[in-house]
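>>> sequence and predicted structure are below.
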Amino acid sequence: MKALKVWKTLLVFLFILLPVAVMAQGLNPILSTDDLAKSLKDPNVIVVDIRKVEDYKTGHIPGAIGIFYGNWAPGKGGLQNEMPADDDLIDLLSANGIQPDTTIVVYSSTGTGPDRVNVTRVAWTLKYAGIQKVSVLSGGIEKWAVREKREVSAEIVKPKAKAYKGKFNKGVLVKKDYVKGQIGKATIVDVREPAFFKGEQKLPFVAKAGRIKGAVNLPTGQVFDKYPPGEHLEQCCFTYKDVAVLKNMATGVVGNDLAKEIIVYCDSGRVASAWWFILSEVLGYQNVKNYDGSMEEWSKDESAPMEP
């Protein structure tokens, strides 16, 4: 009887401490809806909804703050999706009470290609600003609310402002002249679809078709799977492929050397953020950079080497 009481006490003790232990371990960079649900009451976790304001107001994950994507990637210098000025980024983080040791979970919709990569573009910006723990939600609001019918809220969350004091990690961003100097040295990865990589197609804002000289191709479109899988099921959203599959895709193109320099690019620096995030934050490559100007900038420079 006495032993039974001891076991009951231990079980109660474990029941109380286990959630705390789970939270203390940190969140996976690619976060499941189940794991997010367990973390919503953690005071050090801030969930950021980057959809349009009207979508946020209609219904969002409980406790999430709304910061529209455009705040994180403004147009600048005639280019799209650029990194905000440091002072503007500090103001944005401060206004929303985000600190270097805050755990951030970014989510959006997954309905369109841009929607699916907006979250990693914001995650990359947060890492640039010096935020240590950043996750993106796999499946987005559709998996949370539509497929799994979890709770949503229309309450506008107003965060408490606090001056941001983080140290910027500017090494994750590179400019055109740096990329020019690394041709033949770094592994330069074009994350666009093969037709764009081969120069068969281009977007209207890109001056000419083609790729950066010496680049290899690792398309971002292959990162995602329709969910749930199976042609006979009605798909609600897109989720990230399993980490093992992503690793196999990556190593087949960039190899296994985690210390090598890798520069990713696309057309405007947004789509490239998906592979930047996977390589750097999920797979552990230690020297991954995103060329923010990408082909929008590169293709306008006659001195910038291109092929084919």
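All right, it came through fine.
>>> quick one: pLDDT of the residue lying closest to V254 once chain neighbours are set aside?
Nearest residue to V254 in three dimensions, chain neighbours excluded: T187, at 5.3 Å (CB to CB, 6 or more residues apart in numbering). Quick note: C-beta positions are derived from backbone N, CA and C, even for glycine. pLDDT, T187: 98.
>>> same question, the one 3 residues further on
At D190 the predicted local distance difference test score is 99.
>>> from N287, how far out is it?
Distance, D190 to N287, using CB to CB, to the nearest Å: 18 Å.
>>> between those two, which is the more surrounded one?
The neighbour comparison of D190 against N287 (other CB atoms under 10 Å) goes to D190, with 26 against 17.
>>> burial measure for N71, as a count.
17.
>>> so how far is P114 from Y291?
In terms of CB to CB, Y291 sits 18 Å off from P114.
>>> show me where the stretch 151-300 of the chain has strands.
173-174, 187-190, 211-212, 216-217, 224-227, 237-240, 262-265, 288-291 (DSSP state E, counting those that start in this stretch).
>>> tabulate the ones you listed (CSV), appending distance to K52.
Formatted as CSV, those follow (distance: least, CB to CB, whole Å):
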stretch, distance to K52
strand 173-174, 26
strand 187-190, 30
strand 211-212, 33
strand 216-217, 32
strand 224-227, 21
strand 237-240, 18
strand 262-265, 27
strand 288-291, 24
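>>> let me know which of the ones you listed is tucked in deepest.
Each of those was scored by mean neighbour count; the highest is strand 262-265, a mean of 28, by mean count of other CB atoms under 10 Å.
>>> avg pLDDT for that strand?
Rounded mean pLDDT across strand 262-265 is 98.
>>> okay, now the sheet partners of it, with direction.
strand 187-190 (parallel), strand 288-291 (parallel) (DSSP bridges).
>>> send the alpha carbons of it over as CSV?
Presented in CSV, the C-alpha positions along strand 262-265 are these (Å, rounded to 0.1, in the frame of the first residue of the first chain):
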residue,chain,number,x,y,z
ILE,A,262,26.5,27.9,-49.5
ILE,A,263,24.8,30.9,-51.1
VAL,A,264,21.1,30.5,-52.1
TYR,A,265,19.2,32.7,-54.4
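>>> residues in contact with it?
Strand 262-265 has contacts (CB atoms under 8 Å, 6 or more residues apart in numbering) with 174, 179, 182, 186-191, 212, 215, 218, 254, 272-273, 275-276, 279, 285, 287-291, 294-295, 298.
>>> so what's the gap between it and the chain middle?
15 Å (CA atoms, centre = their mean, to the nearest Å).
>>> and this protein, what are its domains?
26-147, 170-307 (automatic domain parsing).
>>> tell me the helix or strand right after the helix or strand of the chain with the lowest mean pLDDT.
The helix or strand of the chain with the poorest confidence is helix 2-24; it has a mean of 42 (mean pLDDT, DSSP states H and E). Counting by DSSP states H and E, the next helix or strand C-terminal to helix 2-24 is strand 30-31.
>>> what mean pLDDT does the helix or strand following that next one get?
Proceeding N to C from strand 30-31, the next assigned helix or strand is helix 33-39, under DSSP H and E. Helix 33-39 shows a mean pLDDT of 98 in the predicted model.
>>> buried sites along helix 33-39?
T33, D35, L36, S39 (16 or more other CB atoms under 10 Å).
>>> CA-only coordinates of that helix in CSV, if you can.
Only the C-alpha atoms of helix 33-39 are listed here, as CSV (Å, rounded to 0.1, in the frame of the first residue of the first chain):
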residue,chain,number,x,y,z
THR,A,33,0.5,21.8,-35.0
ASP,A,34,0.5,19.3,-32.1
ASP,A,35,3.8,20.8,-30.8
LEU,A,36,2.5,24.3,-31.2
ALA,A,37,-0.7,23.5,-29.3
LYS,A,38,1.5,22.3,-26.4
SER,A,39,3.5,25.5,-26.4
